[in-house]
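K.L.:
Okay, here's the prediction I keep looking at, along with the sequence it came from:
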Amino acid sequence: MKEGDLFLSVGSFFTQSPSTETIEAMEDCILHYITFEQLEEAYREFPEFNLHGRVILQYYYQLSEKRNDMREQPAIDRFEFLMNDQPELVGRVRDKDLASYLAMAPETFSVQKSKFANKRKKTQRGRKVSR
């Protein structure tokens, strides 16, 4: 996730039970948070906020499913997913952490990164020739 994104351990937050997940800041950041009790109070006090909460939850649930589906794809497709959906993470996040996010070994990540760069160079050269 990056600035402006919402993140949480869904199961832990909504059941108010310990999580098996770890959320770690990879850069210095300003973090805003809300407790479960504060969220419940906002839903009670401002019924219209229920709609906003549902829209946000749907968006992030769909994003989560997309990421989970991505992890079942071949390594090159997983790397292309990253480059199409979140290219700004490359260079900001350590390669070993991106490899973990993509469910691949760091060595595999390095190979896919090189393949992607070579593929992009060939595509760019092809565009220059066709002009």
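P.N.:
Nice, I can see it. Numbering: from 1, shown residues only.

K.L.:
mind listing what's buried in the least confident helix or strand in the chain by mean pLDDT?
P.N.:
Here the helix or strand of the chain ranked lowest by mean pLDDT, DSSP states H and E is helix 106-130, holding a mean of 82. By 16 or more other CB atoms under 10 Å, the buried positions in helix 106-130 come out as 108-109, 112-113, 116. Quick note: C-beta positions are derived from backbone N, CA and C, even for glycine.

K.L.:
Also stretch 89-107?
P.N.:
Those would be 89, 93, 98-99, 101-102, 104, for stretch 89-107 by 16+ other CB under 10 Å.

K.L.:
what's the least confident helix or strand of the chain in contact with?
P.N.:
Contact with helix 106-130 is made by 75-76, 78-80, 83, 90, 95-96, 98-99, 102, 104, as judged by CB atoms under 8 Å, 6 or more residues apart in numbering.

K.L.:
Equivalent analysis for stretch 20-34, please.
P.N.:
Residues from elsewhere that reach stretch 20-34, judged by CB under 8 Å, 6+ apart: 3, 7-9, 12, 42, 92-94, 97.

K.L.:
hmm, which two among the residues you listed are most spread apart?
P.N.:
Ala42 and Arg94 (36.0 Å; CB to CB).

K.L.:
what residues go with each domain of this structure?
P.N.:
1-70, 74-131 (automatic domain parsing).

K.L.:
sorry, back to before: filter the contacts of stretch 20-34 down to the ones in helices?
P.N.:
Among the contacts of stretch 20-34, the members found in helices (DSSP state H) are 12, 42, 97.
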